[in-house]
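A.B. asks: Sequence plus the predicted model coming up.
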Amino acid sequence: MIKRFLLRAKLQNAFKLVDLSHKFTKGKNQFTRYPSIRIAEERQDYLYYVFYLPEGLNPNDLKKKEYVLSQAFGSAYELKGDGKKYSLKIFTSEPETCISFDFDELQPFLNHRIPVLAGKDSLGEMHSFDMVDNPHLLIAGETGSGKSVTIRMILTSLILTKRHTIDFYLADMKRSEFHLFRYCQGVKAVMTKKDQLLSCLRFLRIELQQRGDLLDGSELEHIDKYNERFPENHRNYILLCIDEVALLKNDKELMDIVEEISCIGRALGVFLILSMQRPDGKVLEGQLKNNLTVRYAFQHSDKINSDITLGRGTKEDASKLGRPGQFYLKNAHITAVQAPFLTVERAKEYLEPYKIRPHIDVKGEVVNEDFAPMTMIGEESE
Ligand SMILES: Nc1ncnc2c1ncn2[C@@H]1O[C@H](COP(=O)(O)OP(=O)(O)OP(=O)(O)O)[C@@H](O)[C@H]1O
C-alpha cells in the first residue's frame, strides 16, 4: 500500500515539476488539474502506470514535457497513449545483454514470406518483420557494434527457412565473411569485387525489366499475385545484400542500379539489405534513403549521425547505445533491441546440411547434377 502511494507520488511530482496541468477559473477561484493516475503498481520487471490527461490539457504538452520521465525514472521507459489515456512502463531490470541464436527457439518468429530477425526488446519480446511488406533494410553502426553478426544471423535464418523461395546475391566488399554462405542452396552469388557486383547488378536490372513486363502484360501489381496466377512460371524473391555499401559510393552506375532496386523492387519481389559503418550522406542521398524503410541503428558516433539513420528529431540517440549487438529498430516505431548472437562456428554448423559443393571429375568437369553453378557473374575469384 505504502509502495503504491510512493510510486504514485513519484509520478505526480514529475508532473508537478514541469507543470503538466490544465489551469482554469471558476467564479473567483483558480484551479489546477494534473493528470489523474489510475494505476501505479510494481510488476515483475517494470513499474506500471495508467494515467489520464485532464480535460483541456493539450496532448502536445505531454510530448513537450515527456523529458521529465527520463529525468525521474531513467531512459528505460515506454509511454503509449491515445491523446487522453496513457500507459507508462518503467523498466527496472536490465534487458538481456547476450541472447544466443537458437534456431528452434527463433522459428516461431520466422514464418513471414521474407522473415527478417531483429532482436529482443526490454520486455523480452522478439521482433522480426516481413521484408515483403517492409522492403529494404539499412544496417548502420560504428565498427565493432554488431552489424556483421546481425547480418550473419539474418542470412543464416533466411537460408534455413527460405532457401527455396529466395535467390540470394551477397556482396562483401570487405571480404570478411560471406564465404560462409558459398554453396548454400539459394545462394546464387557471393561477390567480393566491384566488377562482379556490377555484372550482378546489370543482370538484376534486366530481371527487374522482365518482371515489370510480366506484371504489365498480366495486369497484376505484385509478383506474389503473378506467382499465384502463373505457378508454372514462378519467380523467386531476390535478396541483394551488400556489406559496407559506402565503399561503392563513387561508382555511379552501380549506385544507380541499387537505387533503382530500392524504388521499384518492392512490387517485383527484389529486396535490399545494405550495411554501412557511418550513415554516409552521399550514399543515402536521393531516393535511396527514403526507400530503405527499415533501419537498424547500432551504436553511432554522435547524435547527428544517429539522426541520419533514425530520422531528424527522434528522441532516441544511437550514440548512447552501450553494448555490441544492441540497436534501435526503426520500423513503424523505434524500439531498442538486443540481436541474437550467432558465432561463425555455429553458423557453419547450421548451414552445412544445406551446402551443395561441386564434385569435379578427372577432366575437371562438375559431375553432380544438383550443383547449381553461379553462372551469372562468371568465375568466382576467391
Ligand atoms: N548480438 C550480439 N550479442 C553479443 N555480442 C555481440 C553481438 N553482436 C556482436 N557482438 C560482439 O561484438 C563484436 C563485434 O561485432 P561485429 O563484428 O558484428 O561488429 P561490426 O559492426 O560488424 O564491426 P565492423 O564494422 O568493424 O565489421 C563481436 O565479435 C562480438 O564479440
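C.D. replies: That came through fine.

A.B. asks: The stretch 151-300 of the chain: strands as residue ranges?
C.D. replies: 166-172, 187-191, 237-243, 270-276, 294-297 (DSSP state E, counting those that start in this stretch).

A.B. asks: For the second one, which strands pair with it and how are they oriented?
C.D. replies: Partner strands and pairing direction for strand 187-191 (DSSP bridges) are strand 166-172 (parallel).

A.B. asks: Taking strand 237-243 as reference, get the angle to the strand it pairs with.
C.D. replies: With axes from the mean of the first three to the mean of the last three Cα atoms, to 10 degrees defining the directions, strand 166-172 sits at 10 degrees from strand 237-243.

A.B. asks: on that earlier part again, nearest approach to P358 belongs to which of the strands of the stretch 151-300 of the chain?
C.D. replies: Shortest separation from P358 across the strands of the stretch 151-300 of the chain is recorded for strand 187-191, at 13.6 Å, computed as Cβ to Cβ. Yep, even glycine has a C-beta here, placed from its N, CA and C like the rest.

A.B. asks: Can I get that closest one in PDB? Just the C-alpha atoms.
C.D. replies: The C-alpha trace of strand 187-191 is given here as PDB (Å, rounded to 0.1, in the frame of the first residue of the first chain):
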ATOM      1  CA  VAL A 187      22.800 -18.500 -52.800                       C
ATOM      2  CA  LYS A 188      23.300 -17.500 -56.400                       C
ATOM      3  CA  ALA A 189      26.400 -15.400 -56.000                       C
ATOM      4  CA  VAL A 190      29.000 -14.400 -53.400                       C
ATOM      5  CA  MET A 191      30.900 -11.400 -54.600                       C
END
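
A.B. asks: what does the stretch 51-200 of the chain put close to the ligand?
C.D. replies: Contact residues (Cβ under 6 Å from any ligand atom) of the stretch 51-200 of the chain with the ligand: C98, G141, T143, G144, S145, G146, K147, S148, V149.

A.B. asks: Got a PyMOL select line for the buried ones in these?
C.D. replies: The following PyMOL line selects those of these that are buried, judged by 16 or more other Cβ atoms under 10 Å:
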select buried, resi 141+145+146+147+148+149
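
A.B. asks: Please look at R182 and T192 and confirm they touch.
C.D. replies: No - taking contacts as Cβ atoms under 8 Å, R182 lies outside contact range of T192: 10.5 Å.

A.B. asks: and the two? which has more neighbours close in?
C.D. replies: More neighbours surround T192 than the other of R182 and T192, with 19 against 16 (other Cβ atoms under 10 Å).

A.B. asks: Report how many residues lie close to the closest residue to that one other than its chain neighbours.
C.D. replies: Spatial nearest neighbour of T192, chain neighbours left out: R175 (4.7 Å); criterion: Cβ to Cβ, 6 or more residues apart in numbering. Look at R175: counted by other Cβ under 10 Å, it has 11 neighbours.
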